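Q: Task: produce atomic coordinates for the following.
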Amino acid sequence: MSAVVKLSDNGVALHQQDKLMMTQPENKIVKQESPQPDENIVHLEPADGGWGWAVVAGGNLALGFAAMTGPCFGILFSRPLLAMGASSTTVAWIFNVSQLLSQWSGIFGGPLVKAFGFRKTGMVVGFITALSMLLSAFATSPEFLYFSFSILCG
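A: This next block holds a predicted model:
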């Protein structure tokens, strides 16, 4: 998908259908000569290759599932943890430590994103989170869940 913008002789975007088309520096610009000698037509390619809406949908889906973890944690893990001999306090601590570390991870996330970029950081964090959920599914003790769910996922 591309937008068409008319440029003046000095390269400034002109109004098209009463709207000023603005560009971002990372957009690909392809100039084509217009039949009229005083105007050029520019096709703007999206910086994300047109996948922006897929990223938004995926992000909303991931955040929706992450938000449901909190209210469901006690329901999903209480019975297995109580069968392992854990107290209700231990069940609460496992979830709360995970939430604490999740909120504090922003302190480290910002510098990591600046150093390595959004994509690399997101892929590594996504892999660690998926690994922690997989390990948590096979937990045999509350102490292992402290590691796999609270620390690794948090």
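Q: For residue 52, see how far away the nearest residue to residue 139 once chain neighbours are set aside is.
A: Leaving aside its chain neighbours, residue 139 sits nearest to residue 145 (4.7 Å; criterion: CB to CB, 6 or more residues apart in numbering). Just so you know, the C-beta spots here come from the backbone N, C-alpha and C atoms, and that holds for glycine as well. Taking CB to CB, to the nearest Å as the criterion, residue 145 is separated from residue 52 by 37 Å.
Q: The two: who's more crowded?
A: residue 145 (27 against 11; other CB atoms under 10 Å).
Q: and the more buried one, what does it touch?
A: For residue 145, the contact set (CB atoms under 8 Å, 6 or more residues apart in numbering) comprises 77, 81, 94, 136, 139.
Q: What is the most widely separated pair among those residues?
A: Checked with CB to CB, these reach their widest spread between 81 and 136, with 11.3 Å between them.
Q: what's around residue 64, how many residues?
A: Neighbours of residue 64 under the rule other CB under 10 Å: 9.
Q: low pLDDT regions in the protein?
A: Applying pLDDT under 70 to the chain flags the ranges 1-43, 46, 48-49.
Q: All the strands of it, in order from the start?
A: Secondary structure of the chain (DSSP state E): strands located at 3-7, 15-16, 19-20, 28-33, 40-45.
Q: Could you export stretch 120-134 as PDB, CA atoms only?
A: This file holds the C-alpha atoms of stretch 120-134, laid out as PDB (Å, rounded to 0.1, in the frame of the first residue of the first chain):
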ATOM      1  CA  LYS A 120      15.900  -7.900  19.300                       C
ATOM      2  CA  THR A 121      14.900  -7.100  22.900                       C
ATOM      3  CA  GLY A 122      11.300  -8.100  22.200                       C
ATOM      4  CA  MET A 123      12.300 -11.400  20.700                       C
ATOM      5  CA  VAL A 124      14.600 -12.300  23.600                       C
ATOM      6  CA  VAL A 125      12.100 -11.300  26.200                       C
ATOM      7  CA  GLY A 126       9.300 -13.200  24.400                       C
ATOM      8  CA  PHE A 127      11.500 -16.300  24.200                       C
ATOM      9  CA  ILE A 128      12.300 -16.100  27.900                       C
ATOM     10  CA  THR A 129       8.600 -15.600  28.800                       C
ATOM     11  CA  ALA A 130       7.500 -18.600  26.700                       C
ATOM     12  CA  LEU A 131      10.300 -20.700  28.200                       C
ATOM     13  CA  SER A 132       9.100 -19.700  31.700                       C
ATOM     14  CA  MET A 133       5.500 -20.600  31.000                       C
ATOM     15  CA  LEU A 134       6.600 -23.900  29.600                       C
END
